[in-house]
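K.L.:
Sharing a model that was predicted from the sequence below.
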Amino acid sequence: MRSVLLTGDSHLGALRRGADLLEQEVDASRIVFWPLGAGGSARAPVHRFDPEAQTVTTIVPEWRNRSFSAGEIAGAAGKDALLVVSLPLHPTRLLRNHSWHAHAPWRFAQEAQIALSDRMIAAMIDADSRYALQLTRDLARVCPDCAVLEAPRPFSNARYLRRMPVEIALHLDTLYRAQVRAALEQAGIAVIAQPDSSVLPDGTTNLAFDNENPEDDHHANARYGALVLRQILTYADAGSG
């Protein structure tokens, strides 16, 4: 059974707490956490890649910056470790950082709102995701056995949904995930999807997996983290041998 090295944004917190719930079920040595920091920082350049040394170094002042190389990853998690990145599939950056009460995709725009074309939305998604995607592409050059972890879909109690209808949020969320998934597929990088059992029929994440802190309407809880960790480990074991 292979080990897994998890790196990326604050969504790893749920997985770290989920690992505690699995301590009787999973060998803790199989799971290594290398957290970086808040995903919101990924809207600007986040790393340097040295092609000669085959090293990726993160450079965000607010992050816990790290150096990634094949040797460092192997030293931390074993030479056949799976590298899992939580960062590119993070639509909430877009949903929280724009004035969606004043703007809307053209098919949803009301008379008082500025209608945004599909091309404009695609450009906004590109601007939001390009640096996270480039970090992931370069990490995959260092560690070809690399996959991206999908962040959970919006919770229906998210504060930003007070400023925008949920159908607009889910429309943008779907467009974002599709565009970033296409870029990852083009780069040959797999996606570990959000577990189907955690998504409600309306497209939001089941509130049973909402964060334990009532002030946090963005991150999932330990139960969700345990569910996702099982999925990651199953994915890793399927690629063993």
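P.N.:
Nice, I can see it.
K.L.:
per-residue pLDDT, residue 90?
P.N.:
Residue 90 carries a pLDDT value of 86.
K.L.:
what's the helix or strand for it?
P.N.:
Per DSSP states H and E: residue 90 is located in neither a helix nor a strand.
K.L.:
That one against residue 132, yeah?
P.N.:
Yes. Taking C-beta atoms under 8 Å as the definition, residue 90 is a contact partner of residue 132 at 7.0 Å. Every C-beta, even on glycine, is put in place using the N, C-alpha and C of the backbone.
K.L.:
list residues touching both of the two?
P.N.:
39, 42 (C-beta atoms under 8 Å, 6 or more residues apart in numbering).
K.L.:
Distance check, residue 218 against residue 15.
P.N.:
15 Å (C-beta to C-beta, to the nearest Å).
K.L.:
quick one: which of these two has more around it?
P.N.:
residue 15 (26 against 20; other C-beta atoms under 10 Å).
K.L.:
how about residue 128, what does it touch?
P.N.:
Contacts of residue 128 (C-beta under 8 Å, 6+ apart): 43, 93-94, 97, 176.
K.L.:
rerun at 6 Å
P.N.:
Residues in contact with residue 128 (C-beta atoms under 6 Å, 6 or more residues apart in numbering) are 93-94.
K.L.:
Over to it. Which of the three states is it?
P.N.:
helix (DSSP: H, G, I helix; E, B strand; the rest coil).
K.L.:
how close does residue 13 get to residue 151?
P.N.:
Residue 13 is 12 Å from residue 151, by C-beta to C-beta.
K.L.:
tell me which element the residue lying farthest from the centre of the chain falls in.
P.N.:
Note on the chain: the largest C-alpha distance from the chain mean falls to residue 111, namely 34.4 Å (C-alpha atoms, centre = their mean). If you go by DSSP H and E, residue 111 is not part of any helix or strand.
K.L.:
Can you give me the pLDDT of it?
P.N.:
82.
K.L.:
So which residues of this protein form strands?
P.N.:
4-8, 31-35, 47-50, 55-58, 67-68, 82-86, 103-105, 114-116, 146-149, 190-192 (DSSP state E).
K.L.:
Redo these as JSON lines? Include mean pLDDT.
P.N.:
Output for the strands of the chain, formatted as JSON lines (pLDDT from 0 to 100):
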{"stretch": "strand 4-8", "mean pLDDT": "97"}
{"stretch": "strand 31-35", "mean pLDDT": "96"}
{"stretch": "strand 47-50", "mean pLDDT": "97"}
{"stretch": "strand 55-58", "mean pLDDT": "98"}
{"stretch": "strand 67-68", "mean pLDDT": "97"}
{"stretch": "strand 82-86", "mean pLDDT": "97"}
{"stretch": "strand 103-105", "mean pLDDT": "87"}
{"stretch": "strand 114-116", "mean pLDDT": "89"}
{"stretch": "strand 146-149", "mean pLDDT": "97"}
{"stretch": "strand 190-192", "mean pLDDT": "97"}
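K.L.:
Distance of the residue lying closest to residue 82 once chain neighbours are set aside relative to residue 6?
P.N.:
Leaving aside its sequence neighbours, residue 82 sits nearest to residue 236 (C-beta to C-beta, 6 or more residues apart in numbering; 4.5 Å). Separation of residue 236 from residue 6 (C-beta to C-beta): 11 Å.
K.L.:
In space, what's closest to residue 67 - neighbours in sequence excluded?
P.N.:
In space, residue 67 is closest to residue 57, 4.8 Å off (C-beta to C-beta, 6+ apart).
K.L.:
Can you report how many residues lie near the one you found?
P.N.:
Residue 57: 16 neighbours (other C-beta under 10 Å).
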